[in-house]
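1. next comes the sequence, and after it the predicted model I'd like to discuss.
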Amino acid sequence: AQHYAGAAPVVDIELRIRHQSGDFRWFHLRARGCFAADGSVERVTGSLIDVTERREGAAALEAIAEQLRTMVETAPLGIVTIDESGLVTQFNPAAARIFGIDAGSALGQPAVALAPQVARDGLGSFLAAIFAQPVGKSVASEIVLHDPDGTPIDTEVVAFLGASPSGRRVHAFLRDVSEEKRVGRLKDEMISTLSHELRTPLTSLRGFAELLAAREFARDVQLRYIGIIQKETERMTRLVNGLLDMRRAQFGPQAGSLKSAAPGSLVADAIARLPVEWRQHRRIVVDADAELPRVAGDPDTLGRVLDNVLSNACKYSEPTASIRIALRAVAGKVRCAITDEGIGIPPRDLARLFDEFFRGDSSRVLATAGTGLGLSICRKILEGLGGTIAADSTPGKGTTITIEIPKFPGASPQEPTGAQASSPPPGAENDTHG
């Protein structure tokens, strides 16, 4: 009675009532009260309708809508909706990453204005073409967007025109394919380089083999030709071994197979493996912390990394030049910096130094045997372990290659360097610091 008193004679509410079956059901109650002169309720008239199924249907639709919102928000594809006036009505986080802007700030903005100036004409033309298509027809294309720094982003777009009572809208799905294109270019370059690297020794092998088979030569000429064949065979062997090492490095260490190694021993063994003629007149100084943790990685694999870097330091420096190796414990890793006094690397080549098959074009580099795979393999091995490799160089003065390898999980924080390193081989000096 109190509910019907005053200025609100009509009630319109939904109630949750326990049914005689024991289940709760929803009812829509609409009622009006009729009052006597003294204000008392004489009667109530109205309707009570079971709306349980409607409520359950609405809840199911809301659940579906929430699932769709979650799918849009977490989708790896950029999803953008644009109305007929060109304004953005939907913009998910993946689209925000592609455009390099905040998702919330894009809503209600002109779609063309979201792209940098250099890309606006292309984006505007694409949207105009979509609005000219029949409703429901999809159009696929590739456009070039740019991030806020101006870096081009190759973007694959599939869009279609949709219609609703509120008007037509373009629904676009965007995918950043820049990395795919970069990998594709690298594969093409690798195949082209590999074909060249294999064709050159094969041509020599075939030519000299045919000469030896077709004619009689003096013994010294035969030995010279056989030497060329042997040299080209070794070149092919290095190339194939390099490709196999690269393939293994791409997969990194297998689960449960991670080993550990002592940094001092790794360096001492790598120096000992250098050819005697490289160590004979060259001064190699090892400057190590007094205590170093063991590092994560197979000793043989890490040994190949050090072999490659040390051999480069020797090959591209004078026979009497010094090489300095510094070993330091830094923030859960061991840093190994190998510095030579060689020809150095031009700044234009530093960015590509660790690319597959890359070799500099100086006469010293071209005259030295190599496949251009060594440092690329080193990078893949170290990245597989969670480590890094970097280069710093001054042309004409020398190069420093810095390697960082994570500490082996569970290893004691420090281990004495003296317990790790064997006696330095001839040509090497230990300079251990506390």
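-> Yep, that arrived.
2. the strands in the stretch 151-300 of the chain, which residues?
-> Using DSSP state E, counting those that start in this stretch, the strands of the stretch 151-300 of the chain run over 152-164, 167-176, 260-261, 283-289, 291-292, 295-296.
3. what do you get for the stretch 1-150 of the chain?
-> Going by DSSP E, counting those that start in this stretch, the stretch 1-150 of the chain shows strands at 10-18, 24-35, 41-50, 78-83, 88-91, 138-146.
4. which stretch among the ones you listed comes nearest residue 391?
-> strand 138-146 (29.5 Å; Cβ to Cβ). C-beta coordinates here come from the backbone N, C-alpha and C atoms, glycine included.
5. sorry, back to before: deepest in the core, which of the strands of the stretch 151-300 of the chain is it.
-> Mean neighbours per residue, mean count of other Cβ atoms under 10 Å, is largest over these for strand 295-296, with a mean of 24.
6. can you pull up the most central residue in this structure?
-> residue 179 (8.6 Å; Cα atoms, centre = their mean).
7. helix or strand with the lowest mean pLDDT in the protein?
-> The weakest-scoring helix or strand in the chain, judged by mean pLDDT, DSSP states H and E, is helix 417-420 (a mean of 42).
8. show me where pLDDT drops low in the stretch 301-434 of the chain?
-> 356-372, 410-434 (pLDDT under 70).
9. what does the stretch 51-200 of the chain give?
-> 116-119, 147-150, 186, 189-190, 193-194, 196-197, 200.
10. and the helices in it, which stretches?
-> With DSSP state H, counting those that start in this stretch, the ranges of helices along the stretch 51-200 of the chain come out as 52-74, 93-99, 103-106, 117-131, 178-214.
11. give the buried residues for the shortest one.
-> It refers to helix 103-106. Neighbour-count burial for helix 103-106, counted by 16 or more other Cβ atoms under 10 Å, picks out 103, 106.
12. name the helices or strands packed onto that helix?
-> strand 88-91, helix 93-99 (3 or more Cβ pairs under 8 Å, 6 or more residues apart in numbering; DSSP states H and E).
13. can I get that helix in PDB, CA atoms only?
-> This file holds the C-alpha atoms of helix 103-106, laid out as PDB (Å, rounded to 0.1, in the frame of the first residue of the first chain):
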ATOM      1  CA  ALA A 103      43.500   2.600 -29.000                       C
ATOM      2  CA  GLY A 104      41.300   4.900 -26.900                       C
ATOM      3  CA  SER A 105      42.400   8.100 -28.600                       C
ATOM      4  CA  ALA A 106      41.500   6.700 -32.100                       C
END
